[in-house]
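[1] just need the structure, nothing else, for what follows:
(one chain, ligands or ions: 1)
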Amino acid sequence: MEYPITRLRRLRSSEPMRSLVRETSLDPSAFIYPLFICPGEGVRNEIGSMPGIFNLSVDEALREAETAASLGIGGLLLFGLPETKDDEGAGAWADDGIVQRALREFKKSAALKKLLLIADVCLCEYTSHGHCGMVRKQGDSYEIENDSSVRLIARTALSLATAGADIVAPSDMMDGRVAAIRDELDEEGMEQTPVLSYASKFASAFYGPFREAADSAPQFGDRRSYQMDGGNLREAMREIELDLTEGADMILMKPAMPYLDVIRAARERFDVPIGAYQVSGEYSMLHAAFAKGWLEPQRAMMESLISIRRAGAGFIVTYFARDAAKVLG
Ligand code: PBG
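    Predicted structure coming up:
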C-alpha cells in the first residue's frame, strides 16, 4: 500500500494543534453591539423576534453598555426610538433627541471610556412614514427625494457628533451623503470625527426583525429605490468606491452571511477598514433554530462570526456581541 506523504489530519489531532494553525480568530474588541434606546426610565422591553435584545431606556442602556465594556467589546452602535415622529424626522437631529441624550449620559461614565460610541445616522426611526429620506407624494405614487434628505442626514450626523458620538455611521443609502456629512462636520470643527459609511447595503428581507425593534418599517412601499438590489456585486464596488471618494474613513457592509462574497470582493479591492453587519434577521434565524433545538447555539453562533471574519470583515456589528465575548473571555 502507498502511504500519503501529506496528511492534513496530522494538524487536526488536538485542540492545541488546531489552535496553532487556525487562520482566523475572533476578538471581542472587534465586535460592535447594537443598542435600541427608548424613552422612559427603567424600561427593558424584549423584542419578540430577537430573544435577548431589548428596547432600553437611557438608564438601562447605560447598564448594558457597562456590561459590554467589561466584556472587552469594542463599541456600541446606537439606534433611537423617539417619543414622536413627523414627516421630516426632526427627532433625528434634535439637541435633546433620544440618542443624543444617551450619548451625553454615556460620555459621563468612566466605565465606558474604552467603548467606541457609534451613532447610526438615518431618518427612518424618526419619520412618520418610516422611510430613510424625505417623501414627495404625487397622486398615487411617491418619490424618496435625494438631495433634501441628504441635507437632513448631514444635520443629524453633526448633532450626534456634537452630542458625543465617536463615529457617525450613515445607513440611509442616499447619494452624496458622505460628502455632505464630511463637509458639515469639518465646517463645525468636528473634523476628527470619522465617518463609517454603510457603503453597500442591500434591500434585504433580513432587516425584518430590526424594523420591529426600531419601529421603523416603511408605512407604504419599500426601500428598493435606495437600498441595493440583491443580485449586484459590481454595483456594491461602485458604492464603496464613491463613498471612499467622498471621504468615508471605513465602510460597513450588510447583511453579512447572505453576502459573504461581496465582503470578500471588497476586501480584495479596497485597502480600508471594512466592517460587516450581521443583521437582525441573521440573528433571529439562528435563534429560531436554537429554540427548536435544531442547532447547537454556541457552536453555530461562533461559526457564523468566524465565517464573516474569514470573508474579510475586520470588525463585526452583531447582536451576539455579548454572548460571543463571553465565550471568548
Ligand atoms: C436604518 C437601518 C436599518 C438597519 C440598520 N440601520 C433598517 C433598514 O434599513 O430597514 C438594519 C439592521 C438590522 O436588521 O439589524 N436605515
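[2] now the helices for the stretch 101-250 of the chain?
    147-163, 177-187, 208-213, 234-245 (DSSP state H, counting those that start in this stretch).
[3] run through who's touching the shortest one.
    For helix 208-213, contacts defined as C-beta atoms under 8 Å, 6 or more residues apart in numbering pick out 36, 47-50, 53, 55, 79, 130, 216-217, 279-281, 283-284. C-beta here means a position set from N, CA and C on the backbone, and glycine is covered the same way.
[4] got the CA coordinates for that helix in PDB?
    The C-alpha trace of helix 208-213 is given here as PDB (Å, rounded to 0.1, in the frame of the first residue of the first chain):
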ATOM      1  CA  GLY A 208     -37.400  42.500   9.200                       C
ATOM      2  CA  PRO A 209     -36.900  42.000  13.000                       C
ATOM      3  CA  PHE A 210     -34.900  45.300  13.200                       C
ATOM      4  CA  ARG A 211     -38.000  47.100  12.000                       C
ATOM      5  CA  GLU A 212     -39.900  45.700  14.900                       C
ATOM      6  CA  ALA A 213     -37.000  46.600  17.300                       C
END
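[5] what residue in the stretch 1-150 of the chain comes nearest to the ligand?
    In the stretch 1-150 of the chain, the residue that lies nearest the ligand is residue 122 (4.0 Å; C-beta to the nearest ligand atom).
[6] mind listing what that residue touches?
    Residues in contact with residue 122, defined by C-beta under 8 Å, 6+ apart, are 92, 132, 153, 156, 170, 171, 172.
[7] between those, which is closest to the ligand?
    Nearest member of the contacts of residue 122 to the ligand, counting by C-beta to the nearest ligand atom, is residue 171, at 3.9 Å.
[8] setting the sequence-adjacent residues aside, check what's closest to that closest one.
    Nearest residue to residue 171 in three dimensions, chain neighbours excluded: residue 198, at 4.2 Å (C-beta to C-beta, 6 or more residues apart in numbering).
[9] thought residue 177 was touching the one you found, still the case?
    No: judged on C-beta atoms under 8 Å, residue 198 makes no contact with residue 177 at a distance of 10.0 Å.
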